[in-house]
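> heads up, no residue letters with this:
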């Protein structure tokens, strides 16, 4: 039996959350599953308020950058993963576990780590060769940052507050700067 996690003292904190499908199977079979996951994420946010600073739904795992105030990440993720697994198993006529063990939660103690984690999450589809342009991946919050499209569950303010005007363009440069460095290193 796994021992309980020791969350930070106090009620708040920022965490990079990762949940993976069991045996690296698909967590999402199609866009309907990804859309439903986002709906359940929104419902979870209504029930257990938290700020969502970034997200990315990949084929077999998810990344969330959340800031908790009142509820620990374990309460939020238990609700989210249980509801999604129940939906997924019913829709696809599966039984049993969907997620691989417990979710991973990395505390984010500094602004530097916060911004670099946001960049890492947003470049995930590009690095996995799922898309040629990170902003074209619809199931990532990067799409909403760059296209300036509203996403009710996403809080862009904290991230963008660290970039001078025009903050969205400067954030895009920050994210894609790493992509360009990788391309230059490969040449």
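Thanks, I have it. These numbers were taken from a predicted model, which means no experiment stands behind them.

> Who are the contact partners of the residue nearest to residue 48 when sequence neighbours are not counted?
Nearest in space to residue 48, with sequence neighbours left out and distances taken as C-beta to C-beta, 6 or more residues apart in numbering, is residue 71 at 4.3 Å. Glycine gets a C-beta too; all of them are placed from N, C-alpha and C. For residue 71, the contact set (C-beta atoms under 8 Å, 6 or more residues apart in numbering) comprises 48-50.

> Poorly predicted segments of this structure, please.
Low-confidence segments of the chain (pLDDT under 70): 1-11, 179-187.

> can you pull out the helices in it?
Using DSSP state H, the helices found in the chain span residues 31-47, 73-92, 111-127, 141-146, 157-160, 167-186.

> Need these in CSV (columns: mean neighbour count and distance to residue 18).
CSV is the format used below for the helices of the chain (neighbours: other C-beta atoms under 10 Å; distance: least, C-beta to C-beta, whole Å):
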stretch, mean neighbour count, distance to residue 18
helix 31-47, 16, 14
helix 73-92, 17, 10
helix 111-127, 19, 9
helix 141-146, 22, 15
helix 157-160, 16, 19
helix 167-186, 14, 19
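
> excluding its backbone neighbours, what's nearest residue 68?
Among residues not flanking residue 68 along the chain, residue 50 sits closest, at 5.0 Å (C-beta to C-beta, 6+ apart).

> State the distance from the one you found to residue 80.
Distance of residue 50 to residue 80, given as C-beta to C-beta, to the nearest Å: 10 Å.

> for residue 101, same thing?
Look at residue 101 and residue 80: by C-beta to C-beta, they are 15 Å apart.

> cool, and residue 117?
Applying C-beta to C-beta, the value for residue 117 to residue 80 is 19 Å.

> again with residue 171
26 Å.

> With residue 96 instead?
As judged by C-beta to C-beta, residue 96 and residue 80 stand 18 Å apart.

> Could you do residue 92 as well?
Counting by C-beta to C-beta - residue 92 and residue 80 are separated by 18 Å.

> for residue 63, same thing?
Taken as C-beta to C-beta, the span from residue 63 to residue 80 is 13 Å.

> same question, residue 108
19 Å.

> swap in residue 139?
Using C-beta to C-beta, residue 139 is found at 15 Å from residue 80.

> Then residue 17?
9 Å.

> now do residue 13
In this view, residue 13 and residue 80 are 17 Å apart by C-beta to C-beta.

> same thing with residue 149?
Here residue 149 is placed at a distance of 23 Å from residue 80 (C-beta to C-beta).

> wait, what's in contact with the nearest residue to residue 13 once chain neighbours are set aside?
Spatial nearest neighbour of residue 13, chain neighbours left out: residue 68 (5.7 Å); criterion: C-beta to C-beta, 6+ apart. Contacts for residue 68 (C-beta under 8 Å, 6+ apart) come out as 11-15, 50, 76.

> With that, I have no additional questions.
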